[in-house]
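A.B. asks: compute the structure for the input listed below.
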Amino acid sequence: MLGVIIGSVLSAMATGVGALPILIFQNVTHRWRDIMLAFTAGVMMAAATFSLIPQALTEGRFIEIVLGVLLGVTVLTLLEFIVPHVELDHRKQALPFDHKALLVISAITLHNIPEGLSVGVSYASDEEGLGGLVALAIGLQNAPEGFLVALYLIQEQVSKYKAFFIATLTGAVEIISSLLGFVLTAQLAWLVPIGLAFAAGAMLFIVYKELIPESHGDGHARPATFAFIGGLLLMLALVTYF
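C.D. replies: Numbering: from 1, shown residues only. Predicted coordinates:
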């Protein structure tokens, strides 16, 4: 239990760490944002395909893995219908804080729930070190997310410190959902392979639906592609040697 608490807290607080630069400067080029997003996509892709899915196949049947992956994708898809996605990088003009800013905060918070579940389920697995790897992957995804949320709020005339605080809070929900995922799968062992596959499906959805399209939205596809491959190889090295 201690491991999942530490992992979930560090993963969730990465959102606040990502927002820290906003207290110093506001202008980050699209090129570097795209590189950060693509690097994160590579890390998450490797975590899903080289760790989560193989471990799920080890602990469960193929049909359970299919069910879990589809469940993860379905949950993320339903969340998009409930809270429409708002582009943080490519807006042409400012929007009223009382409507769009709250929509962005709600969307990010809700999207963090299945990410927290992914961390908790991974710690409940019998595979040593899997929880830490998934927490790292989710944390790396949370960092640029926290920065973009804080940047968005500042553009909506929110103070730097308030924007940093709000961005950090959007990641805190992962701690609760992570503990929930851990408790459920620890008590109900048959849920572990489904939960691992759920985590993989959710991460793959985020990679293909959010991170890769965002990283290619400003004409920096080539450096973003190199960053994606670099992130994938880094996580593959961690999986192989640690």
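A.B. asks: quick check: next helix or strand after the helix ranked longest in the chain?
C.D. replies: Counting residues, the longest helix found in the chain (DSSP state H) is helix 160-187. Counting by DSSP states H and E, the element after helix 160-187 in chain order, helix or strand, is helix 191-205.
A.B. asks: mind checking what helix or strand follows that next one in sequence?
C.D. replies: Using DSSP H and E, the helix or strand that follows helix 191-205 towards the C-terminus is helix 212-215.
A.B. asks: what's in contact with whichever helix or strand comes after that next one?
C.D. replies: Per DSSP H and E, helix 212-215 leads on to helix 221-241 as the next helix or strand towards the C-terminus. By Cβ atoms under 8 Å, 6 or more residues apart in numbering, the residues outside helix 221-241 that reach it are 31, 34-47, 50-51, 133, 136-137, 140, 212, 215-216. Glycine gets a C-beta too; all of them are placed from N, C-alpha and C.
A.B. asks: picking that back up, next, the angle helix 191-205 makes with the longest helix of the chain.
C.D. replies: Interaxial angle, helix 160-187 versus helix 191-205 (axes from the mean of the first three to the mean of the last three Cα atoms, to 10 degrees): 150 degrees.
A.B. asks: the closest residue in space to His220 that isn't next to it in sequence: neighbouring residues, count only.
C.D. replies: Computed as Cβ to Cβ, 6 or more residues apart in numbering, the closest residue to His220 that is not its neighbour in sequence is Asp34, at 4.4 Å. Neighbour count for Asp34, taken as other Cβ atoms under 10 Å: 24.
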